[in-house]
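**Q** Take a look and give me a structure for this.
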Amino acid sequence: MKRPSFQFYPGDWQANSNLRRCTHAEKGVWLDVMCLMHDQPEYGILRWPLKEIAQAVGAKPADLRGLVSKGVLKGSDTQLDEPNVYTPRSGRRDGEPVTLIPTQPGPIWYSSRMVKDEHVRTIRGESTRFGDESGEAPKHSPKTPFGDGSSSSSSSSTSVKKKEPKGSSSTAKLPTCPIDQIVAVYHEVLPELPGVRVMDKPREKAIRERWEWVLTSHKPDGSRRAETAEQGVEWFRTYFERTRDNDFLMGRTPRAGDHANWRPDIEFLLKSQGLKHVLEKTNPGDAP
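**A** Take a look at the predicted model:
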C-alpha cells in the first residue's frame with residue numbers, strides 16, 4: 001500500500017546547506033522529484049534516465065543537473081561508482097556501516113535520506129501498524145529528506161492550537177496528542193530500544209498522559225514546557241535524545257542478575273519512573 005503523505009519540516013528545508021545553494025526553481029523541482037520517489041516501489045529511488053525524470057516533473061534537465069552538482073540528488077544515468085553507505089550510531093559509538101545502495105549500472109537516482117529512513121524503518125519492525133498483522137506499511141512515513149540528509153533539525157509541520165490559560169482545570173483545548181508522530185520520533189532517535197509494534201491501552205495511556213503533562217506543566221524557572229503541538233513534539237524529541245545520554249538506560253553500564261539484558265521501552269520511558277531516570281540522570285543498580 002502506498003503511503004498517502006509524507007511530513008514536511010520547514011526547519012530542515014531552510015537549514016539544509018545544500019538546498020540553500022539551490023535556486024528557487026531548483027527547490028521546486030526537488031519537491032516534485034521527492035513526490036516521485038515517495039511513490040516508487042523502491043522508496044526514495046528512481047530508475048529512470050535523468051531526462052525522463054525532468055519530463056515527469058515538467059522541468060529542464062539543467063535544473064536536475066543543478067541538483068546533482070549541489071549534492072541534493074544523487075546517482076547516475078550510466079554507472080553508479082560510489083555506493084550509498086549508512087553508519088548507524090549507538091549512543092556515542094558508530095555501528096557497523098551498512099551498504100544501502102551498492103555500485104551498479106544506471107540509470108539510478110536517489111535521495112540518500114529517503115533511502116536511509118526506509119532502511120531504519122524496516123529494521124525497526126514497523127512493517128505493521130500497531131497490532132495490524134496484515135504486513136501493510138504504516139500510514140506515517142519517516143522524516144522526509146530535504147537535501148543530502150545531513151540536517152537533524154526537528155521542527156514539525158503539525159498544525160498547532162494554544163491551550164487554555166494557566167489555572168484552568170480543563171484540557172479540552174489542548175492540541176490532540178499525535179501518538180503516531182511521537183512513536184515515529186522514538187523510533188528515529190532510539191532505534192536500539194524495543195520498537196512499538198502493538199499500541200495497546202496501557203501504552204497509549206502512557207503517551208497521552210505524558211503529552212498532557214508536557215502541555216500543562218512548568219519548568220523550575222516557571223516557564224511552560226510546551227504551549228503548542230509543535231513544541232510538544234519537540235519536547236519529546238529532546239527527551240528521547242536525553243535518554244541516549246543515560247548510560248544505564250542504553251545498556252552502557254553493567255547490570256546484574258535478571259536485568260542484565262533489560263532494555264526500556266517507550267511505555268517505561270514515559271511513565272514517572274522512566275521520567276526520573278532520564279531527567280535526573282539516575283542510574284540505579286536494578287531495572288524495574
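**Q** Beyond the lowest-mean-pLDDT helix or strand in the chain, next helix or strand please.
**A** Between all helices and strands in the chain, the lowest mean by mean pLDDT, DSSP states H and E belongs to strand 89-90, at a mean of 68. Going down the chain from strand 89-90, the next helix or strand is strand 93-94, by DSSP states H and E.
**Q** Give the pairing partners of that following strand; include direction for each.
**A** strand 89-90 (antiparallel) (DSSP bridges).
**Q** Look up phi and psi at residue 200.
**A** With angles defined as degrees, to the nearest 10, residue 200 sits at phi -90, psi 180.
**Q** Please report how far it lies from residue 267.
**A** Residue 200 is 9 Å from residue 267, where distance means C-beta to C-beta, to the nearest Å. (Each C-beta comes from the backbone N, C-alpha and C, glycine too.)
**Q** more neighbours, the two?
**A** Shown here are residue 200 and residue 267; by other C-beta atoms under 10 Å, residue 267 has more neighbours (17 against 10).
**Q** The more buried one sits in which helix or strand?
**A** Taking DSSP H and E as the definition, residue 267 sits inside helix 266-270.
**Q** Now the element after that helix, going C-ward?
**A** Next along from helix 266-270, by DSSP H and E: helix 272-279.
**Q** CA atoms only for stretch 250-263, dumped as CSV, please.
**A** Output in CSV follows, covering the C-alpha atoms of stretch 250-263 (Å, rounded to 0.1, in the frame of the first residue of the first chain):
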residue,chain,number,x,y,z
MET,A,250,21.1,2.5,27.0
GLY,A,251,22.9,-0.5,28.5
ARG,A,252,26.4,1.0,28.5
THR,A,253,26.9,0.2,32.2
PRO,A,254,26.9,-3.3,33.7
ARG,A,255,23.7,-4.7,35.1
ALA,A,256,23.4,-7.7,37.5
GLY,A,257,21.2,-10.7,37.5
ASP,A,258,17.9,-10.9,35.6
HIS,A,259,18.2,-7.4,34.4
ALA,A,260,21.5,-7.8,32.5
ASN,A,261,19.8,-7.7,29.1
TRP,A,262,16.8,-5.4,30.1
ARG,A,263,16.1,-2.5,27.8
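**Q** Flag every buried residue along that stretch.
**A** Neighbour counts over stretch 250-263 (16 or more other C-beta atoms under 10 Å) mark 250-251, 255 as buried.
**Q** Quick one: these as TSV, columns for pLDDT and distance to residue 217 too.
**A** Listed next are the buried residues of stretch 250-263 as TSV, based on pLDDT from 0 to 100; distance: C-beta to C-beta, whole Å:
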residue	pLDDT	distance to residue 217
250	83	26
251	80	29
255	70	31
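**Q** Turn those residues into JSON lines, including secondary structure and distance to residue 38.
**A** Output for the buried residues of stretch 250-263, formatted as JSON lines (DSSP: H, G, I helix; E, B strand; the rest coil; distance: C-beta to C-beta, whole Å):
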{"residue": "250", "secondary structure": "coil", "distance to residue 38": "32"}
{"residue": "251", "secondary structure": "coil", "distance to residue 38": "35"}
{"residue": "255", "secondary structure": "coil", "distance to residue 38": "42"}
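**Q** And those residues, which is closest to residue 34?
**A** In terms of C-beta to C-beta, no member of these lies closer to residue 34 than residue 250, at 32.9 Å.
**Q** I figured that closest one hits residue 192, correct?
**A** Yes: under the criterion of C-beta atoms under 8 Å, residue 250 makes contact with residue 192 at 6.9 Å.
**Q** Hmm, residue 179 and residue 236 touching each other?
**A** No: with contacts counted by C-beta under 8 Å, residue 236 stays clear of residue 179, the gap being 10.8 Å.
**Q** higher neighbour count, these two?
**A** For residue 236 and residue 179, the more surrounded residue by other C-beta under 10 Å is residue 236, and the numbers stand at 25 against 17.
**Q** State the mean pLDDT of the helix holding residue 267.
**A** The pLDDT scores in helix 266-270 average 92.
**Q** And it, what does it pack against?
**A** helix 179-189, helix 201-216, helix 229-244, helix 272-279 (3 or more C-beta pairs under 8 Å, 6 or more residues apart in numbering; DSSP states H and E).
**Q** ok, of the ones you listed, where does mean pLDDT dip lowest?
**A** Lowest mean pLDDT within those: helix 272-279, at a mean of 87.
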